[in-house]
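> Here you go, sequence then predicted model.
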Amino acid sequence: MKYCYTNVKDNFKKLYFFIPISLFIAITIVFFAREIKGVAYNDLQGNMFYVQILNRSMPLIKHVAFDTEDLAESKFSLKDKCLDILGMNWKDPIKIMAKEIHYFSMLKPEGRDGSISLKEVISSFNIGESSILKNSEEDLAKDAQVKSASSKAYNPNLKKQLNASKPEVLIYHTHTSESYITPDGNTDKDSFDENRNVCAVGDELARELEKNYGISVIHDKTVHNSTYTQSYSRSRETLTQYLNKYGDFKLIIDLHRDSVNSKKSVTANLNGEDVTKIMFVMTRKNPHFDKNNAIAENMLKTSKELFPGFSREIWYYDTGTRFFNQDLSNNAILIEVGAHVNKIEEAKGSAKYIARLVAEYLNGN
């Protein structure tokens, strides 16, 4: 009896060993039998499994007989093929539905023999009207309006050769996180996202100055107001570093945005386009006030002549906070561009008009 029990036990061990192997062999035979009979293994997406096998054994075929773009979208995966054999190909959900809903299993994959195509009932890829980006007449008109406004703001006679080795203008932000309303309706007053705060306006202004007027610009986007207190102390360090490196600039702009609840008071319509108004902020008691203020008055005068209603005049403080750093240079000014109630597009739209004022001051007669 002991010998018999041992013999039976050994036979079971052998059986456990051969079951998985037998199952794997059976699946493989079924799989290749389907391929040999010419049955499409994946009718809807195009079976490239056989092609992949050939390419792995004879690489020359890949370059002679097949389009590499087709192969790129059909990488061989043993996992996917095994799941497909079991009717669980996640890339072909229609077949899974056909196994569960009898109606779908009655339809021919490609509508053969005059039958309804399965693709005509359910399509995993369908380009419809909603998939196509269309510009409405309103969008096209707006684009044309912006282009027209840009051409009217620009003066080609002020353009000169750009000399990047000697920056003429420095733009920085003491309150870097001051933000505008975004297209998706975000109205947070502060954000460190450079696409929606004053940095976006600074980028646009720098681009306008360099591209259209040949004025070399450094745009510093250092965050100085991670905590609001001591913001001017931090930005003072940044400005001092640049002054030590380059000497004085022809113009230094601390670019801000205001906090005004009335949008009408900070918005102008120039050449059919809504843009933010600007305001100069100066400190009377700083040792360079006369020279600094002369720049602000020059740009204000030009603004009134070229773009009536664009400027909100000059706002004066006695000392402000550390003179708003205007005591460090003869050419330092502070500009408020709109307010938190303005859209980011309106603030960026004002950059081309600010650039024109700067170009008139630096490049004009």
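That came through, no problem.

> can you count the residues close to the closest residue to Asn197 other than its chain neighbours?
In space, Asn197 comes closest to Ser179 once its chain neighbours are excluded; the distance is 4.3 Å by CB to CB, 6 or more residues apart in numbering. In this view, the C-beta of every residue, glycine as well, is placed from N, C-alpha and C. Other residues lying near Ser179 total 25 when counted by other CB atoms under 10 Å.

> Over to Lys166?
10.

> Not counting sequence-adjacent ones, nearest residue to it?
Counting by CB to CB, 6+ apart, the residue nearest Lys166 is Ser216, at 6.4 Å.

> cool, and Asn186?
Arg196 (7.1 Å).

> How about Asp188?
Going by CB to CB, 6+ apart, Asp188 has Ser179 as its nearest residue, at 6.1 Å.

> re earlier: so what does the residue nearest to Asn197 have for phi and psi?
Backbone torsions for Ser179, taken as degrees, to the nearest 10, come to phi -120, psi 170.

> And it, how far from Ala332?
Separation of Ser179 from Ala332 (CB to CB, to the nearest Å) stands at 24 Å.

> Ok, Ser235 next?
From Ser235 to Ala332 the distance is 11 Å (CB to CB).

> same deal with His175?
Distance from His175 to Ala332, by CB to CB: 16 Å.

> neighbour-wise, which of those two wins?
When His175 and Ala332 are compared on other CB under 10 Å, the one with more neighbours turns out to be Ala332, at 27 against 20.

> show me the contacts for that one.
Applying CB atoms under 8 Å, 6 or more residues apart in numbering to Ala332 gives the contacts Leu239, Ile252, Asp254, His288, Asn292, Phe324, Asn325, Gln326.

> one more time with 6 Å
Each residue near Ala332 by CB atoms under 6 Å, 6 or more residues apart in numbering is listed here: Ile252, Asn292, Gln326.

> which ones among these are found in strands?
Judged by DSSP state E, the contacts of Ala332 include Ile252 as members of strands.

> now Ala268, what's its secondary structure?
strand (DSSP: H, G, I helix; E, B strand; the rest coil).

> Any idea what it is bridged to?
Beta bridges link Ala268 to Val275 when assigned by DSSP bridges.

> right, and it touches Ser311 too?
No - applying CB atoms under 6 Å, one finds Ala268 not in contact with Ser311, separated by 8.8 Å.

> Would you confirm that Arg284 contacts Asp318?
Yes - counting by CB under 6 Å, Arg284 does reach Asp318; the two are 5.5 Å apart.

> These two: which is more packed in?
The neighbour count for Arg284 versus Asp318, taken as other CB under 10 Å, is higher for Arg284 (13 against 9).

> ok now do that one, which residues does it touch?
Neighbours of Arg284 in contact, by CB under 6 Å, 6+ apart: Tyr316, Asp318.

> now do Ser191
With CB under 6 Å, 6+ apart, Ser191 has these contacts: Ser177, Ser179, Asn197.

> Closest to Leu362 out of the residues you listed?
Asn197 (26.0 Å; CB to CB).

> Please list all residues in contact with the closest one.
Asn197 is in contact with Ser177, Glu178, Ser179, Ser191, counting by CB under 6 Å, 6+ apart.

> how about those, which pair is most distant?
Farthest apart among the contacts of Asn197 - using CB to CB - are Glu178 and Ser191, which lie 8.7 Å from each other.

> Could you pull out the strands in the stretch 251-365 of the chain for me?
All strands of the stretch 251-365 of the chain, identified by DSSP state E, counting those that start in this stretch, fall at 251-258, 267-270, 273-276, 278-283, 311-317, 332-339.

> Where does pLDDT dip in this structure?
1-149, 365 (pLDDT under 70).

> got the domain boundaries for it?
The chain breaks down into these domains under automatic domain parsing: 40-130, 163-363.

> follow-up on the earlier one: closest to Lys159 out of the contacts of Ser191?
Lys159 lies nearest to Asn197 out of the contacts of Ser191, by CB to CB, at 29.1 Å.

> hang on, the earlier thing: isn't the residue nearest to Asp188 right next to Arg196, touching?
Yes - between Ser179 and Arg196 there is a contact under CB under 6 Å: 5.2 Å.

> still on that earlier bit, pipe the contacts of Ser191 into CSV and attach distance to Ala347 per row.
Shown next, in CSV, are the contacts of Ser191 (distance: CB to CB, whole Å):
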residue, distance to Ala347
Ser177, 14
Ser179, 9
Asn197, 10
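
> Looking at those, spot the one nearest Gln161.
Using CB to CB, the contacts of Ser191 come closest to Gln161 at Asn197, 32.2 Å.

> And that closest one, how far from Asp203?
11 Å.

> Same check on Leu243?
22 Å.

> Count the residues that sit near Ala347.
Applying other CB under 10 Å, I find that Ala347 has 26 neighbouring residues.

> tell me which element Ile171 falls in.
strand 169-172 (DSSP states H and E).

> now for that strand, which elements pack on it?
Contacts defined by 3 or more CB pairs under 6 Å, 6 or more residues apart in numbering; DSSP states H and E place strand 169-172 against strand 217-219, strand 251-258.

> what's next to the last one, contact-wise?
What it means is strand 251-258. Applying CB under 6 Å, 6+ apart, the contact partners of strand 251-258 are 169-171, 173-175, 178, 198, 202, 329, 331-332, 334-339.

> likewise stretch 172-179?
190-192, 196-198, 220, 223-225, 231-232, 235, 254-257.

> With that, I have no additional questions.
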